[in-house]
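Colleague: please work out how this folds:
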Amino acid sequence: MCYRWAMSDYRRAFVPGGCWFFTVNLLDRRKALLTDQIESLRDTVAATRQSHPFAIDAFVVLPDHLRAIWKLPSGDADFSVRWRLINSRFAKALPVTERLSAVRFSRNERGIWQRRFWEHLIRDEADYARHVEYCYYNPVKHGHVSRVCDWPYSSFHRDVRAELLPEDWGGDTQFIGEFGERT
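Modeller: Next comes the predicted model:
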């Protein structure tokens, strides 16, 4: 049996004032562009929040992708325009050094971001808690640090200062041996 699926069949859910979890990836996942250019990324997010407000409930930036939880203002469901602004502002802040495919070149696009991002509408408090934890634990999961508190590019530190989470949240996950046994 053959299944046919086209991107034109893909539909995003739009809920005014909704809370969303996002994953946004670099096109070249071997690069560390996001952490190397963290100040430019912070500036573009801040500029976008000025022109198109949203609340950041969680945000973690890894070298090649980022994860975020946003709450949009009441009556506003347009998260796509916010990501488009962040992506384009970030791209404009960087020199053109990436190789472009013929398609991207013909469309006058940069070769920095994957074209699509992944979003998930947060359904309830348990779903919210799972996704915040997923954001904050992501640098450990990808092997960048052994403790959540050691990753500098995360709103986790803001939540610790606000006493929403303890600094040792997530524990110590140092691995030993060939099979990743935990200490």
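Colleague: the strands in the protein, which residues?
Modeller: For the chain, strands defined by DSSP state E occupy the ranges 19-25, 55-61, 65-71, 118-121, 175-176, 181-182.
Colleague: list the helices and strands the longest helix anywhere in the chain packs on?
Modeller: Ranked by residue count and defined by DSSP state H, the top helix of the chain is helix 125-141. The criterion is 3 or more CB pairs under 8 Å, 6 or more residues apart in numbering; DSSP states H and E, and the helices and strands that helix 125-141 contacts are strand 19-25, strand 55-61, strand 65-71. (Glycine included, C-beta is placed from N, CA and C.)
Colleague: how about the helices of this structure, start to end?
Modeller: With DSSP H as the criterion, the chain has helices at 33-36, 38-51, 79-92, 102-106, 125-141, 156-161.
Colleague: tell me the most buried of the helices and strands packed on helix 125-141?
Modeller: Relative to the other members of these, strand 65-71 carries the highest mean neighbour count by mean count of other CB atoms under 10 Å, namely a mean of 21.
Colleague: nearest to Gln37, of the helices and strands packed on helix 125-141?
Modeller: Among these, strand 55-61 comes nearest to Gln37, with 9.9 Å by CB to CB.
Colleague: out of the helices and strands packed on helix 125-141, which is closest to Ala91?
Modeller: When the helices and strands packed on helix 125-141 are ranked by proximity to Ala91 (CB to CB), strand 19-25 comes first, at 12.6 Å.
Colleague: partners of that closest one in the sheet?
Modeller: Within its sheet, and counting by DSSP bridges, strand 19-25 is paired with strand 65-71 (antiparallel), strand 118-121 (antiparallel).
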